[in-house]
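>>> fold the following, please.
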Amino acid sequence: MLWTSLALVAYGYVGYPLLIWGCARLFGRRRRCPAAADGELPSVTLLIAAHNEERWIGQRLENALAQDYPADRLEVLVASDGSRDRTVAIAATFAGRGVRVLDLDENRGKATALNAGIQEARSSLVVFSDANTFFEPGAIRRLAGWFADPQIGTVCGRLVLTDPRKGRNVDSLYWKYETFLKKCESRLGALLGANGAIYALRKADYVPIPPDTLVDDFVIPLVSKMKTRKAVIYDDQAVAWEECPPEIGDEFRRRSRIGAGGFQALLRLAPLLSPKRGWVAFSFLSHKIVRWLSPFLLVLAFAANLVCLNSRFHAGLLAAQVAFYFVSVVGVFLPGRGRVSRLVRLPAMFTSMNLALLVGFWNWLASDQGGVWRRTVR
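Residues are numbered from 1 along each chain as shown. This next block holds a predicted model:
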C-alpha cells in the first residue's frame, strides 16, 4: 500500500506530464488557426455571467466593446444571476452601445445563468467569460477563427493571472504546469475542459447542464464533446487577464469547490473513461482521476508507513514525510518573494491543493455545495 500509493501520486504529478509530453511530440497534431477576413467571421455572442459584480462590470463591458471584431457581428450579453448590488443598473447604461442584460431575479447559480444566457444568445457562436476577466483586443477574433473548421467543437483561450496589488503577471509554477498539460493534451485531441474566463463553442453544440453543476467550464466542453465528438483545443494566443485571489483562504475555498465539482462531474462524465475514447480516456484517467485520488493516496501512504517501521529505511521515509508536511505549514506563513521563499511554498502549494480536494470530497458527500454562487473575494 505504501509504495503503490506513492507511485500513483508520483505518476499523477510527474510521470503523466512526462508521458503526455512525449506522446504529444510523437503522435500529436499541431493545428493552425485559419486566417479569416471580416466578412468570413461568424456572429458571436460574448456571454458574461455575473453575480454582484458592480466593482467590475463597467470596466468589463468597456473592454468587451473595444474588441477587434466587426461590431455588427458581436453581441454582448450579461446574464445577471440574482445580483443584489448595482450590477444590472451599470450594465443597463451600455444598452445604447448594443449590450443586452438578462436579469434573473433569483440567485440560482452560474449553471442556471449560463443555460438561460445560451437561450437568449442571438449568434451562432458563444464566447463564455466572467465579469472580472479582461480580454486582449484580438481574443474573440482569434477564438472565432478556429470555427471555420467544422471538426472544432470548443476552443479554450489562455488565462493570465495578475497580482491584485501590482498588476504584474504572477502565473505560479502550478499554473504554468497546468498550461503545459493543456498544450500537450490539445495536440492529442484530449484537452479536458476549459478556462471559464475565456472559451468558445457553437450555440448548436451546447448541452444544457444540471443547475447544481459546480465546475461548468469543465463539464460544458466535455458533455458537448460526448454529443458531437468534435475536438476541444487550446489556443495560447487568445489571451485573457484576471486578478488572482489576494488571500490564501480565498484560493483554498475556490480549490475545495473545484474539488467537489470534480467528484460531482466524475459520475456525469464517466463515459469518457471508455477505451473507445482513446487519448481522452487516457488523459481523463491520468490527469483527473489519479489527481482526485491523490489526497486519499497520501493519507494511505502515511498510515501504511506508520505500520512499516521495522527498518531504518522506512523510519527515514516517515521522517521525510513529516518534514515535508512541516515545511508545507511553514510555507503558508513565510513572507517574501525570494528564491528560498518560492521553493518553500512549493510543498505548501502541493499540500494545500490536496487538502482542498479532500475538503471538497467531504463537502460533495455531505451535499454541502450547491450551484448557487459563493463569490470569491478578489
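>>> need the helices for the stretch 151-300 of the chain, in chain order.
Remark: helices assigned in the stretch 151-300 of the chain by DSSP state H, counting those that start in this stretch are 173-187, 216-228, 248-268, 279-283, 290-307.
>>> can you pull out the strands in this structure?
44-50, 74-81, 99-104, 125-130, 133-135, 152-162, 199-202, 231-243 (DSSP state E).
>>> so residue 297 makes contact with residue 9?
Yes. Shown here, residue 297 and residue 9 form a contact pair, counting by C-beta atoms under 8 Å, at 5.1 Å. In short, each C-beta sits where N, CA and C put it, glycine included.
>>> on that earlier part again, with mean pLDDT and mean neighbour count added, can I get the helices of the stretch 151-300 of the chain in CSV?
As requested, the helices of the stretch 151-300 of the chain are exported to CSV (pLDDT from 0 to 100; neighbours: other C-beta atoms under 10 Å):
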stretch, mean pLDDT, mean neighbour count
helix 173-187, 89, 18
helix 216-228, 94, 21
helix 248-268, 83, 18
helix 279-283, 95, 20
helix 290-307, 96, 17
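>>> what about residue 212, neighbour count?
16 (other C-beta atoms under 10 Å).
>>> going forward, count from 305.
Yep, numbering from 305; the last one is residue 516 now.
>>> mind checking pLDDT for the residue lying closest to residue 541 once chain neighbours are set aside?
Excluding the flanking residues, the one nearest residue 541 by C-beta to C-beta, 6 or more residues apart in numbering is residue 446, at 5.6 Å. pLDDT for residue 446: 95.
>>> contact partners for residue 447?
431, 459, 461, 502-504, 539, 542 (C-beta atoms under 8 Å, 6 or more residues apart in numbering).
>>> next one, pLDDT for the closest residue to it other than its chain neighbours please.
Once flanking residues are discounted, residue 447 sits nearest to residue 504: 4.3 Å by C-beta to C-beta, 6+ apart. Residue 504 carries a pLDDT value of 97.
>>> show me what contacts residue 504?
Residue 504 neighbours (C-beta under 8 Å, 6+ apart): 348, 429-432, 444, 447-448, 450-451, 458-459, 461.
>>> the same query, at a cut-off of 6 Å, please.
By C-beta atoms under 6 Å, 6 or more residues apart in numbering, the contact set of residue 504 is 431, 447, 459.
>>> which ones are touching the first one?
Think residue 431. Contacts of residue 431 by C-beta under 6 Å, 6+ apart are 348, 350, 444, 447, 504.
>>> dump the residues you listed to JSON lines, plus distance to residue 650.
Formatted as JSON lines, those follow (distance: C-beta to C-beta, whole Å):
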{"residue": "348", "distance to residue 650": "40"}
{"residue": "350", "distance to residue 650": "37"}
{"residue": "444", "distance to residue 650": "36"}
{"residue": "447", "distance to residue 650": "33"}
{"residue": "504", "distance to residue 650": "34"}
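>>> and the strands of the chain as CSV, adding distance to residue 618?
Formatted as CSV, these follow (distance: least, C-beta to C-beta, whole Å):
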stretch, distance to residue 618
strand 348-354, 51
strand 378-385, 53
strand 403-408, 57
strand 429-434, 48
strand 437-439, 49
strand 456-466, 40
strand 503-506, 47
strand 535-547, 42
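>>> to residue 630, which of the ones you listed lies closest?
Closest to residue 630 of the strands of the chain is strand 456-466 (C-beta to C-beta; 28.1 Å).
>>> name the helices or strands packed onto that closest one?
Packing contacts for strand 456-466, counted by 3 or more C-beta pairs under 6 Å, 6 or more residues apart in numbering; DSSP states H and E, involve strand 503-506, helix 520-532, strand 535-547.
>>> closest to residue 372 among the contacts of residue 504?
residue 447 (12.0 Å).
>>> where in this protein is pLDDT low?
Scanning the chain for pLDDT under 70 picks out 467-476, 549-554, 639-642, 672-682.
>>> go ahead and flag the most central residue of it.
residue 499 (4.0 Å; C-alpha atoms, centre = their mean).
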